[in-house]
Structure formats: structure tokens, C-alpha cells
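In: sequence and computational prediction follow.
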Amino acid sequence: MKENNNNRKKFNLFDTLTGNRTSRKDAGRKDMEAPRNLKFFFKLFGMEFSRILPINIVFILGNFPIIFLMIGFAGYFNDTAVAARSSLFPAVSSMANTAATPLSAALFGVHGVQIPQSVTTATTIVFFVLGALILFTIGPVTCGLTRILRNIVKGEPVFFFQDFFSTIKKNLRQAIIVGFLDGVFLMLIIYDIRFFKIQVEYGGSTFVNGLMFWISIFIALCYLIMRMYIYPMLITFRLSIGKILKNSFIFTFLGFGRNLLALLGCAIVILLNLMIAVIYVPLGIMIPIIVTFGIILFIMTYAAWPKIDEIMIKPYYYPDGTPRPSAEE
């Protein structure tokens, strides 16, 4: 009996790494018609894990300025100086020099403790400036990868680099603007949270400082949820940036339980990564390069797309993509 050579499949490294072969073979599977709930999340994640790896690698390579930021924050090129830990050191030092008493000596022993300080150098500043280029790469790269992840969640075929580059080309202008605003807003939120935290701890825990701190936390949570919807809507609909942000804010509360669960999932991924880094630093550094960002993007897209489909697509379009009569009026 002759073996049917047509059933043989040649090994293709490109298809294996990007998941193209699996996409063509498994498109239209009955299990892809299942509701996108928590149970199916783990099933789909297991089936599509091989695609998370190239998605993560492309995210890192596409946002290469993040490497400069990491070097800058690591402080490898900073100078080291010694300074007093206490802000009362100048007064206590002056007291000890002008009138040496047992009291001034005791105070100097407490407030005169010297600790090493990292001082920013010109080289470090250059790395920060180069790292700021991520404001112009994060939007396009995230858009391209969101297209791939959206197709995975929908159960549609994925053609990795074709989908990635065509989506960037089609949405480049909006992607750059949204990515820039995204990065700036995240930095402002982080700055506000740290500022009011310091005010509460060292500037006096007044009611206003405490209130502003928790308002900043609430805004940060809302915006992190909004980010789940911004990029899927950007690549799916022809909307202005203002309407994308408005709709994303509305979706923050429409799918509140689902959104909080997704945030919790992202937080668990980050915490596990940090725990591994504490236990074994080299592995903690390698994991983000391999899977961390890809898993987070997958969680965000899985949480956001079914709600977008339910609210903005199904009521207005048939499954074949033709508009319903009510949508045409």
C-alpha cells in the first residue's frame, strides 16, 4: 500500500515560530466557537502558547529603546557619592561643631549616618533620551501585535508578519499619536502616584494629600483598563482618537468584572516575574524577553475583544460582515 505523499507536511521553521501553519489548519474549529470565558482562556492560551513567544520577541525588538531605558534606570554609568541619610544633618553637624555636648554627639550619631548615593551623569541622560524614542515605537508595534492577537482570540487565520506590517502601515499616523499620548500619560500617572505618596509619608498625611493619592490610583486603574480597548478599536474601526478614548472609557465600566479579572491576571504575571528575579536574577531577566509581554498582551486582548464584538459589531453586522438593515439607516 502506497503512502499518500499529499498528506505529508514539510517542516517549516518560519511557520513553526510564527504559528502560520496552525492558523491555516485549525481555522474554523468548533472549539473556537466557545464563549470567551475564563475556562476557555486557559484552553486557548495552551493551544496558542507557541505564538506568544514570537509576539514577545517582536515586541522587544520593535520597542528596542526600552533597552536604553533599562540601562539608564540600572545606573551602570552613574557616579557614586556619599551623603547623609537625614535631612537634619546640616543643623546637627553645625551644632556638633560649634557646641560639642553629649546631646549634640548623640544627635550626630543618629542623623549623621552617611549612605552612598547614585548621581546621574551625562552618559545616563543620553541613555534616557534614547529610551524616550519608545514613545514613537510603542504605538505602531502594539497595533501590529494586537491585530495578530485579535485574530487568535477570534479564531481566524494568522499570517504573522503580513498582518503585523500591513496593520502598522494602515494605522501608522494614529498609532504614533496614540502611542505617544499613551507613554506620556503613563509617566504622568506614575509621577503623580509617587509624588502624593511622598507627600503622605513625609509631608504630613493631610486629608487632601491622601485623597489625591487614592484619586491617582483610581485614574491609573481606569487608564490601564482603557488601554485594553484603545488598540483593538484603533485597528478595527475608523474612529478619531477622541472617540477611541471616549469609547475605551465607557468600556472600562461596561465590562468591569471582566476588566478587573484581566488586570489581576496581568498583576500576577508581573509579580511571578519579580519573584523569580529575586530568587534567580538571570532567569528573572530572561523571562520578560521570552514571554512576559506577550502573555500580558494576550490577556488584555482576550478580555477586551469579546466585549467590543458584543457592543460594537454584532448589533450592526451579520457574521459575514455585511451591515444589518438597522445599521444602514
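Out: Great, that's in hand.

In: which other residues reach stretch 65-75?
Out: 60, 77, 118, 124-125, 127-128, 130-134, 137 (C-beta atoms under 8 Å, 6 or more residues apart in numbering). C-betas here are computed from N, CA, C, even on glycine.

In: next: stretch 247-264.
Out: 38, 221-222, 224-230, 233, 239, 299-300, 302-304, 307-308, 311-312.

In: one more time with 10 Å, if that's ok
Out: 36-38, 41, 221-234, 237, 239, 296, 299-304, 306-308, 310-312 (C-beta atoms under 10 Å, 6 or more residues apart in numbering).

In: any chance you could map the strands in the stretch 51-200 of the chain?
Out: Assigned by DSSP state E, counting those that start in this stretch, the stretch 51-200 of the chain shows strands spanning 79-84, 114-119.

In: can you check the distance spanned by stretch 277-286, start to finish?
Out: End-to-end distance of stretch 277-286: 9 Å, with C-alpha to C-alpha, to the nearest Å as the criterion.

In: can you list contacts of it?
Out: Met70, Leu272, Asn273, Leu274, Met275, Ile276, Ile287, Pro288, Ile290, Thr292.

In: spell out the secondary structure type for the nearest residue to Ile190 once chain neighbours are set aside.
Out: Closest residue to Ile190 apart from its sequence neighbours, by C-beta to C-beta, 6 or more residues apart in numbering: Ala220 at 7.9 Å. Recorded secondary structure, Ala220: helix (DSSP: H, G, I helix; E, B strand; the rest coil).

In: Pro315: neighbour count?
Out: 10 (other C-beta atoms under 10 Å).

In: ok, it touching Arg324?
Out: Yes - with contacts counted by C-beta atoms under 10 Å, Pro315 reaches Arg324, the gap being 7.5 Å.

In: run through the stretch 151-300 of the chain and note the low-pLDDT ranges.
Out: For the stretch 151-300 of the chain, the stretches with pLDDT under 70 are 203-205.

In: three-state assignment of Pro315?
Out: Relying on three-state DSSP, one would call Pro315 coil.

In: count of neighbours near Phe42?
Out: 9.

In: just the buried positions in whichever strand or helix holds it, please.
Out: Using DSSP states H and E, Phe42 sits in helix 38-47. Neighbour counts over helix 38-47 (16 or more other C-beta atoms under 10 Å) mark Phe41, Leu44 as buried.

In: other SSEs contacting it?
Out: Counting contacts by 3 or more C-beta pairs under 10 Å, 6 or more residues apart in numbering; DSSP states H and E, helix 38-47 is packed against helix 134-154, helix 256-279, helix 293-308.

In: turn the ones you listed into CSV, columns for mean neighbour count and distance to Met212.
Out: As requested, the helices and strands packed on helix 38-47 are arranged in CSV below (neighbours: other C-beta atoms under 10 Å; distance: least, C-beta to C-beta, whole Å):
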stretch, mean neighbour count, distance to Met212
helix 134-154, 23, 26
helix 256-279, 15, 22
helix 293-308, 23, 28
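
In: tally of neighbours for the closest residue to Asp79 other than its chain neighbours?
Out: Leaving aside its chain neighbours, Asp79 sits nearest to Val119 (4.4 Å; criterion: C-beta to C-beta, 6+ apart). For Val119, the count of nearby residues is 12 (other C-beta under 10 Å).

In: and if you look at Ile60?
Out: Neighbour number of Ile60 under other C-beta under 10 Å is 18.

In: quick one: contacts for it?
Out: Ile66, Ile67, Val141, Pro288, Ile289, Ile290, Thr292, Phe293, Gly294.

In: quick one: the third one and Ala175 touch, right?
Out: What that stands for is Val141. Yes - with contact defined as C-beta under 10 Å, Val141 reaches Ala175; the gap is 8.5 Å.

In: anything in contact with each of those two?
Out: Listed as contacting both Val141 and Ala175 by C-beta under 10 Å, 6+ apart are Ile168.

In: what sits up against stretch 122-133?
Out: Applying C-beta under 10 Å, 6+ apart, the set of residues contacting stretch 122-133 is 63-79, 118, 120-121, 183, 187.

In: buried subset of those?
Out: Asn63, Pro65, Ile66, Phe68, Leu69, Ile71, Gly72, Gly183.

In: which of the residues you listed sits closest to Phe161?
Out: Lowest distance from Phe161 to those (C-beta to C-beta) belongs to Asn63, with 16.7 Å.

In: state the phi and psi torsions of that closest one.
Out: Dihedral pair for Asn63: phi -100, psi 50, per degrees, to the nearest 10.

In: not counting sequence-adjacent ones, nearest residue to it?
Out: Closest to Asn63 by C-beta to C-beta, 6+ apart is Thr137, at 5.0 Å.

In: got a list of what the one you found touches?
Out: Phe59, Leu61, Gly62, Asn63, Phe64, Pro65, Ile66, Ala175, Ile176, Gly179, Gly183.

In: if you set the cut-off to 8 Å instead, what comes out?
Out: So Thr137 contacts Gly62, Asn63, Phe64, Pro65, Gly179 (C-beta under 8 Å, 6+ apart).

In: any idea of the pLDDT on Tyr76?
Out: pLDDT recorded at Tyr76 is 76.
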